[in-house]
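Q: With the input below, show me the fold.
(2 chains)
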Amino acid sequence: MRIKLEPRVAASKWMSYGSPAIAAVLTIFFGAILFASLGRDPVQGLYIFFIEPLTGLYELGELGLKATPLAIIAIGLAVGFRANVWNIGAEGQLVMGAICGGGVALAFHGQGGWWVLPLMIIAGAAGGMAWGAIPALLRTRFNANEILVSLMLTYAAVQILGWLVHGPWINPEGQNFPETRTFEEWALLPELIEGTRLNVSAIFALVVVFAGWIFMTRSFAGFKVNVVGQALDAAKYAGFSQNKVVWVSFLIGGGAAGLAGLIEVTGPIDQLNATFAPGYGFAAIIVAFLGRLHPVGILFASLLMALTFLGGESLQINMNMPKAVTGVFQGMLLFFVLATDVLIRYRIRVVSRTPAATGEAG
Amino acid sequence: MSSENSQAQLELRHITKQYPGVLANDDISLKVEAGGVHALLGENGAGKSTLVKIIYGVVKPDTGEILWDGKPVQILNPSHARRLGIGMVFQHFNLFDTLTIAENISLGMDNPGDLKTLATRVTEVSEHYGLPIDPRRHVHALSVGERQRVEIVRCLLQDPKLLIMDEPTSVLTPQEVDKLFETLRRLGEEGVSILYISHKLEEIRALCDDATVLRGGKVVATCDPREETSKSLAEMMIGSEIPVMQREASGDLGPPVLEVKGLSVKSDDPFGTSLKDIDLTVRGGEIIGIAGVGGNGQKELLQAISGETPVRDRAAVSIDGQACGRSGPTARRGLGLAFVPEERLGRGAVPEMTLAENTLLTGYQSGMVSRGLIRFGHKRQRATEIRRDFDVRSAGIDSEARSLSGGNLQKFIVGREMGLSPKLLILAYPTWGVDVGAATAIHQAVMDMSRQGVGIVIVSEDLDELFEICDRMAVIAEGRLSPVRNNGETSVEELGLWMSGEFDDEPSGAGAETSHAH
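A: Residues are numbered from 1 along each chain as shown, chains lettered A, B, ... in the order given. So this is what the prediction gives:
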């Protein structure tokens, strides 16, 4: 008896929806083993991780608040991933968006009006795009690997942020903490639901998901992106430029990440500081794949990923677990998603030894 | 038929091999006599490759028995097959370009010994069988025919009792084919059996003593090909009457739709072919064929015409009177170009996209896109029409391109390109690997389209195909284009000679062109 992976004649539709579910079940199962091996009650651990963050209006608001930037970034990244353009530097584009958008708020400190927030949003998206344009330029001009360039630029962006909040933009009345002035009322996103921290950015996220859906499934530009990603020779034959697609991917991905960065600093944080960047730019890579690079899938995946952030926090508070538990769960989830993906194109068959005709051969 | 008392070198009994979704070999039995040349005949997808892989130990059968020298054997792997005395010459060669012939041969041997002795043996064997090669030469400098000789010599060094040849003539000029046949007959006289796989019926009639005909994984006939006609063999192969293309005389020719003037392209690929000073004029209403052995600049010429590799000189390529050498494919399609590329899956069609989506791949300039959004109704309607008009057998227009057979996908791509109402249609190897029925359908559609005033260029290695359908023909060899001759004013022998690059003393094609225009 042995287990054999056999290619399917056609990709299984059922499995492309079923495999994330199997991955979730496996994550829960191995999560339980993790709790047990650490000497904690697995049922209580899983309850605190997965259920408790959903038990009240405030908690649900927090879930939306965390899911919003994840969904926005992941939609942007999914465009590039569909084209085999690997923007790993969304975190840096997020930081740059926050710097540019936040910079607008600081520039008009004490003389603002209703127009400041829209200007910040534009500046935030533009900042992310500009940071994304660097790897796009180097890739299309010099064939530099966009994975390395975009990743390294993340650290460059964090250093620039550190310099700004330690130096020129430091709050004059802030006792030398590495942070800027807090933003004024008109530079903040209005709250959406009374009693929660959820703000209007949640609506942005829904708009971005819808726009992403139009782009990826309904627009000709999205079709070009898909062709470049799936069959480069066919794209050349059809006359679709790979370089243009690289540019489009990085501008959309960077713009989305920049917008998410701005949302982060004009929402709950309301200032720039050296450590605001929460790793959403990296987590969104998982979200994009968990959501199968499809906007609707990404919407659900962003909620699930937000849950792992909140669940990790409540495990730290309630069960005294280390911070790394969040990363472990996210890692397991991605690992199992990628592993179960094989079931879409292959099926498992248990075969009884080798066939009779070649029995002696084996 | 061979005599009853002679022992079969190889016998297959009731071989069956099931792949997911397809029964590749269904209860196949056949006998290859010692010293006989046995043909394995069948269309693409009939199960020839699977059967050969089973004999060579690459694939294991689900059930069935293999007898070698009358004794049952389990062929474990290709190395085991070689030890038994089975040699195989693949359709696609497995040679390293940067190594010499001797080095390449030693790599494929189980115990090659030292290179010097090997080189001497290579020379001996190659001369004995009339396959002259110099073992010190590097493979990249060899012609395709010479590379095949290397593969054959490599097999012969192992003293095989059975030599399997998979579509060996598809890469050879007619003269080279004659030489190859002499060698094979000689081997037969020395007692080496040959299993000869082909779909070229004339060759099989000229060479083979026995034939097994496969269709849909089953043996449908065994016969002596010398007692059959090409027509009867073809009917066994496809299982029905062969459709015949209706040829029409060319009418009045229109203005030039493609003018290539002094086109020279330096290839970026160190083993590619540079184009040298190519001139070609194609007028509306005529079909021009470009023959030649693969790798002589076809790919480079096609990419320079399609715009995938734009050239520096704007005037080097003109479509419908407009110089467009520097433009990309989109602009050239806008001028009336349609193009069926040599690779279907991955270039002519995106494998994991549906037929409907693949319609959009080149149809985006014909009303399927409006304000940046895809018009799904138009796209689906177009795909449905192509599927109906070109008899594309698929579950529907939502089938993925990769799920179609080669012939059906080719019909889809040809239909899609013709549906663009082009002024100039370029077809690369339009019937390569396509079954006879589909090939005739494609030829008929091409013929009909040209008689409506479209200019057509066909690049092919199949001379029979070109003689059947073209009005005028030329040969590409080493990146240069021969004079263009009217069909009927040239011969297989002349084109075969040109394929080896010998056409410098010929008068240019201009004369033929004017004589054709009246």
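Q: A:Thr140: what's it in contact with?
A: By C-beta atoms under 8 Å, 6 or more residues apart in numbering or on different chains, A:Thr140 lies in contact with A:Asn243, A:Val246, A:Trp247. Bear in mind the C-beta positions are built from the backbone N, C-alpha and C, glycine included.
Q: among those, which ones are buried?
A: A:Val246, A:Trp247 (16 or more other C-beta atoms under 10 Å in any protein chain shown).
Q: ok, how many other residues are close to residue 278?
A: With no chain named, the answer covers chain A. For A:Pro278, the count of nearby residues is 16 (other C-beta atoms under 10 Å in any protein chain shown).
Q: that's the wrong chain, I wanted chain B
A: Neighbours of B:Ile278 (other C-beta under 10 Å): 23.
Q: where in chain B is pLDDT low?
A: Along chain B, segments meeting pLDDT under 70 span B:1-6, B:505-518.
Q: Get me the contact residues on it for chain A.
A: Counting by C-beta under 8 Å from any C-beta of the partner chain, chain B comes close to chain A at B:20-21, B:60-65, B:74, B:76, B:306-308, B:328-331, B:333, B:339, B:341, B:343, B:346-353, B:357, B:360-362, B:364, B:369, B:372-374, B:400, B:403.
Q: Which of the residues you listed fall in helices?
A: B:Ser306, B:Pro329, B:Thr330, B:Ala331, B:Arg333, B:Glu357, B:Leu360, B:Leu361, B:Thr362 (DSSP state H).
Q: what's the most distant pair in those residues?
A: B:Ala331 and B:Glu357 (23.1 Å; C-beta to C-beta).
Q: circling back to that earlier point, and which of the contacts of A:Thr140 is nearest to chain B?
A: The closest of the contacts of A:Thr140 to chain B turns out to be A:Asn243 (C-beta to the nearest C-beta; 11.6 Å).
Q: Can you tell me the element the closest one falls in?
A: helix A:242-266 (DSSP states H and E).
Q: Check which residues of that helix are buried.
A: A:242, A:245-266.
Q: Could you pull out the strands in the stretch 201-350 of chain A for me?
A: Per DSSP state E, counting those that start in this stretch, the stretch 201-350 of chain A carries strands over the ranges A:346-351.
Q: Can you show me the helices along it?
A: In the stretch 201-350 of chain A, the helices defined using DSSP state H, counting those that start in this stretch lie at A:201-213, A:220-230, A:232-238, A:242-266, A:280-290, A:295-319, A:324-340, A:342-345.
Q: least reliable of those helices going by mean pLDDT?
A: With a mean of 82, helix A:342-345 has the lowest mean pLDDT of these.
Q: That helix packs against which elements?
A: Using 3 or more C-beta pairs under 8 Å, 6 or more residues apart in numbering or on different chains; DSSP states H and E, the elements in contact with helix A:342-345 are helix A:13-37.
Q: Pull the residues that contact the helix it packs on.
A: Here helix A:13-37 has contacts from A:12, A:41-43, A:45-46, A:49-50, A:290, A:292, A:297, A:301, A:304, A:328-329, A:332-333, A:336-337, A:339-341, A:343-344, using C-beta under 8 Å, 6+ apart.
Q: go again using 7 Å as the cut-off
A: For helix A:13-37, contacts defined as C-beta atoms under 7 Å, 6 or more residues apart in numbering or on different chains pick out A:41-42, A:45-46, A:290, A:292, A:328-329, A:332-333, A:336-337, A:340-341, A:343-344.
Q: next one: it to chain centre, how far?
A: Its chain's average C-alpha position is 20 Å from that of helix A:13-37, according to C-alpha atoms, centre = their mean, to the nearest Å.
Q: Which positions within it qualify as buried?
A: Buried residues in helix A:13-37 (16+ other C-beta under 10 Å): A:15-16, A:19-20, A:23-24, A:26-28, A:31-32, A:34-35.
Q: Mean confidence (pLDDT) on it, please.
A: 87.
Q: relative to helix A:324-340, how tilted is that helix?
A: On the basis of axes from the mean of the first three to the mean of the last three C-alpha atoms, to 10 degrees, helix A:13-37 is oriented at 150 degrees to helix A:324-340.
Q: In terms of helices and strands, where is B:Ala119?
A: helix B:115-128.
Q: Which positions in the helix or strand just after that helix come out as buried?
A: Going down the chain from helix B:115-128, the next helix or strand is helix B:144-156, by DSSP H and E. Neighbour-count burial for helix B:144-156 flags B:144-156 (criterion: 16+ other C-beta under 10 Å).
Q: No further questions, thank you.
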